[in-house]
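J.: Starting from these lines, generate the structure:
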Amino acid sequence: MGQPACPHDLGDAMTGGRQPGERSGRTSTTAGSPRLDSLTGLRAIAALVVFGRHIIPAFGADGGPWFVQMLTRPGTVGVTLFFALSGFVLAWNHRVPAAAKSVFWQRRAARIVPAYLVAFVFAIAVSVLTARALTWMDLFNVTLMQSWVPDADWFFAGNGVGWSLSTEVFFYLVFPYVIGPLHRLSRRLTWLVLGCCVGFAVAIPLILRPSAYETEHHVGFAYWLVYIFPPTRLLEFVAGAALALLLRPGTRVFVKLGPAALIAAAAYTAAGLVPEWACFVAVPLVPFLLLIAAAADADVRGAGSLLRRRPMVLAGTWSYAFYLLHYQIYWLADTYLIYGGQPMAKILIVLGVCFLVSGVAAWLLYTMVEHPAEARLRALGRKPKDGIVAVPSARAPREDSRI
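T.: Okay, the predicted model is just below:
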């Protein structure tokens, strides 16, 4: 089955982090944490840049005109944003005391598995429609274990974008063991954890430096270790979680959302100018963490945020379903409408239609499968006295705390 150019969920970053009745807290108070709708809007932008990355083959071997390359080539950074968002959202919404590990894992499975299975079946159908040969590697995709195999024929098989869900499942498995120790750390040590995660996440690709051939063709052990390997990508997830714990006591962010967005946009542009192994994490991670912090801070303070507008929130809500389906829809269009080269105007029209169809399909998948299935599966594991816990007030930030 077809391999995505450079895929990306994720998890609570892609599927929405706030659970019904879930609240956040290191200390006790009666106030609840505010909704962070701007982070939902951020997911929509991350999904958009991933879509842009995956449609590069439509423009031919050279990737199309310079402006197309500038907009689409750095799309791999969307994965970094998703992973960091996932850690941030899970930590922000984490209960104290925590639910049992089995309950946490059951909720995570309810969130991601139903839509993932439907998308997997859709990918099989697309393979049949496009005469792609099915292999055991494609079917292995359903296990959500593919990112542990250091071979692109395995981790990009089936619904190729599913590798990041495989990596996210690892995050879910370790989160209950990570969040407790993080909660018990002092602010200084939490800063140290955040700094170490960022440092190692940046250093690993700088040390391994996969070759241009590896990154272009998605092959080689170094490429897998830098881009796919779950423990490597865990660093971004834990960095996001540590950042959330630093913000929750009422820390104010020294950079407002507008400037943070400009810094992130500059990092996105810069990522397209460096070797691809550097653009995965090394360039965008710190600017994206700053953007996440500024977006969360804007919501806590009730400041204006375009990311919080209803269209952005809806797009972010459907972004997980969009992510799961968009590459297969593009592959159908590439096979039957683009097939190796067409006039630029036709390519742009076809890709625009692909985007719209992916959006409608995402809405259907969310409305008919993802949301109702999650509600039913969560209800199966809900205890009668799943009570409300005490949480910190995030609406009254301490003025002496800054990030």
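J.: From now on I want contacts and neighbour counts done on CA atoms only, so please keep to that.
T.: Fine.
J.: Which residue, neighbours along the chain excluded, lies closest to A296?
T.: Of all residues not flanking A296 in the chain, L36 sits nearest, at 5.8 Å (Cα to Cα, 6 or more residues apart in numbering).
J.: quick one, what contacts the one you found?
T.: Taking Cα atoms under 8 Å, 6 or more residues apart in numbering as the contact definition, L36 lies against A295, A296, D299, V300.
J.: For L85, see how far away it is.
T.: With the distance defined as Cα to Cα, to the nearest Å, L36 ends up 11 Å from L85.
J.: Which stretches in this protein count as strands?
T.: Taking DSSP state E as the criterion, the chain carries no strands.
J.: which residues sit in contact with the nearest residue to R378 once chain neighbours are set aside?
T.: With Cα to Cα, 6+ apart as the criterion, R378 has its nearest non-adjacent residue at 5.9 Å, and that residue is R107. By Cα under 8 Å, 6+ apart, the contact set of R107 is E374, L377, R378.
J.: any low-confidence regions in the stretch 101-250 of the chain?
T.: The model of the stretch 101-250 of the chain has pLDDT under 70 over residues 212-213, 217.
J.: do that again at 90, thanks
T.: Low-confidence segments of the stretch 101-250 of the chain, defined by pLDDT under 90, are located at 131-134, 208-220, 222, 248-250.
J.: same check, this time on the stretch 301-403 of the chain
T.: Using pLDDT under 90, the flagged stretches of the stretch 301-403 of the chain are 301-304, 334-347, 378-403.
J.: where do the helices sit along it?
T.: Counting by DSSP state H, counting those that start in this stretch, one finds helices in the stretch 301-403 of the chain at the ranges 310-317, 319-333, 344-365, 371-380.
J.: how close does G199 get to T232?
T.: Between G199 and T232 the distance is 12 Å, computed by Cα to Cα.
J.: Pick out the residue closest to the middle of this protein.
T.: Centre of the chain computed as the mean C-alpha position; nearest residue by Cα atoms, centre = their mean is F82, 2.2 Å away.
J.: Next up, the contacts around V126.
T.: When the contact criterion is Cα under 8 Å, 6+ apart, the partners of V126 are Q328, L332.
J.: The helices of the stretch 301-403 of the chain: which one's closest to G180?
T.: In this view, those are compared for proximity to G180 by Cα to Cα, and helix 371-380 is the closest at 23.0 Å.
J.: gap between the two ends of stretch 46-66?
T.: With Cα to Cα applied, stretch 46-66 spans 21 Å between its terminal residues.
J.: cool, and stretch 292-309?
T.: Stretch 292-309 has an end-to-end distance of 16 Å (criterion: Cα to Cα).
J.: residues of that stretch that come out buried?
T.: When neighbours are counted by 16 or more other Cα atoms under 10 Å, the buried residues of stretch 292-309 are found to be I292, A293, A294, A295, A296, D297, A298, D299, V300, L307, R308.
J.: Setting aside sequence neighbours, what's the nearest residue to the last one?
T.: So that's R308. Excluding its sequence neighbours, the residue lying closest to R308 (Cα to Cα, 6+ apart) is S38, at 4.6 Å.
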